[in-house]
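# With the input below, show me the fold.
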Amino acid sequence: MTIESLLPREPSYLSAISPGSLWTGTSWNDAIACEHRLLERYVRSAFTLGRVPVDLPSLGLGTQHINVLDINSDAPGVPILWLHGAGAGLGFGYRNYDALASLGGVRRRVIGIDWLGQAGSSRPSYPYGGLHAPSWTKPEEERVSSAIAFSVDSLEALRDKLGLEQVDIVAHSMGGYLSTQYALAHPERVRRLVLVSPVGWAAKPKGELAKARAAGVFGALWDSHVGNFGLLRTVGRIVKGVAKGAVVGRFGIDDEEERALVSDYFWSQLCGQSISSERSVNWLLEPYVSPAPFGFYAKRPVSGEPAERLARLPPTTLLYGSHDLHYIPTMPEAVKAVAAATASPVTMSFVRGSDHHLYIDNPADFHAYVQHALA
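Modelled structure (predicted):
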């Protein structure tokens, strides 16, 4: 396996004055530097950062590169894959990597991954390359399948390239939905699945509540694939301070140095490259508002997958924050439906004192739940 160095490069004169950098106030070099500063400050375990080349002929994308953090690469046993949610990157696990690397007193290999098209990974056209008819000419089911394949196929290519026979997955939010789809497609490769405040499991509202699908300006932006985290890059540095404060403000971080490092990383990894799979939320999810339970529902919900496909799901644990913005009240029904279709245990628990980013809000309790799930 070839690993390309991710050490910060000295920006050239041209890159320093590129239109993208001037517009967003950040660059690829900034993103790499911010990632290093955040991880070096808070991760005590020795780690390696690198980009792994993977070939993706099934997506018409050729060779792409996946950004990877690797801890305890020589540890025996099943590695833990850490997969982020929308608008984030592997750096968001800075409070968790050390605990996962010695989970339950056992030395574990931990691999943090940036999804293809996000953070430090390649940003190809989404959701496929080559010659394709415009997406609006294709039926929705084909669009959804293409968007899922973009992430599932690239994750499987990475697993194969790293030579991993089987993995445990810990995945957040949108990453939880995509990891579930990966486990359904490649069940023999996943030993345990821990989903951290996942979206996409509950069935969409029906009957009168179906009319509560978001409309107006928000609905229009969503349906045009503009209403996503990529919008921050489009708007540019004019919203940089507000966006950084709003996102990091939800984490309840009191230390000023930590807030600065996390907010700088958030902005640079999101806006340092062109927009790509930030659009996955638009392709795969639909927003609903009152009177329906607020949430982002999958166009292909996990609970609605065919029973023969759900039967392949490995043991799965869902974790939500005690006051989680993205918890949908119908989730128990979804969990029950999935559990009924598989012989593997499917359970759900709540981490006290935490919101959507429970792994940051209450890492101690979060790690205890993960240890139990991966035992």
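
# quick one: contacts for the residue sitting nearest the centre point of the chain?
Residue closest to the average C-alpha location in the chain (CA atoms, centre = their mean): residue 85, at 2.6 Å. For residue 85, the contact set (CB atoms under 8 Å, 6 or more residues apart in numbering) comprises 171, 172, 173, 174, 175, 176, 197. For glycine as for every other residue, the C-beta is placed from the backbone atoms N, C-alpha and C.

# Confirm the first one sits in a strand?
Yes. Residue state for residue 171 (DSSP: H, G, I helix; E, B strand; the rest coil) corresponds to a strand.

# in the stretch 201-350 of the chain, which spans are strands?
When assigned using DSSP state E, counting those that start in this stretch, the strands of the stretch 201-350 of the chain occupy the ranges 285-288, 295-298, 316-321, 346-351.

# got the contact list for the first one?
What that stands for is strand 285-288. If you take CB under 8 Å, 6+ apart as the criterion, strand 285-288 is touched by 174, 199-200, 204-205, 209, 212-214, 218-219, 222, 294-299.

# Among the residues you listed, name the ones in helices.
Using DSSP state H, 174, 218, 219, 222 are the members of the contacts of strand 285-288 that sit in helices.

# From what I see, the third one and residue 211 are in contact.
Spelled out, that is residue 219. No. Counting by CB atoms under 8 Å, residue 211 is not a contact partner of residue 219; they are 11.9 Å apart.

# Looking at those two, which has the bigger crowd around it?
More crowded of residue 219 and residue 211, by other CB atoms under 10 Å: residue 219, with 15 against 11.

# which of the strands of the stretch 201-350 of the chain sits most buried?
Across the strands of the stretch 201-350 of the chain, averaging neighbours per residue (mean count of other CB atoms under 10 Å) puts strand 316-321 on top, at a mean of 24.

# got a list of contacts for that strand?
For strand 316-321, the external contacting residues (CB under 8 Å, 6+ apart) are 176, 180, 183, 192-198, 201, 326-327, 331, 335, 338, 344-351, 354-358, 361-362, 366, 369-370, 372-373.

# Filter those down to the buried ones and hand me the ChimeraX line.
Only the buried entries of the contacts of strand 316-321 go into this ChimeraX selection, using 16 or more other CB atoms under 10 Å:
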select :176,180,183,192,193,194,195,196,197,198,201,326,327,331,335,338,344,346,348,350,351,354,355,356,357,358,361,362,366,369,370,373
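
# now this protein, which segments are flagged as low pLDDT?
The chain contains residues with pLDDT under 70 at 1-19, 131.

# If we use 80, what do you get?
1-20, 130-136 (pLDDT under 80).
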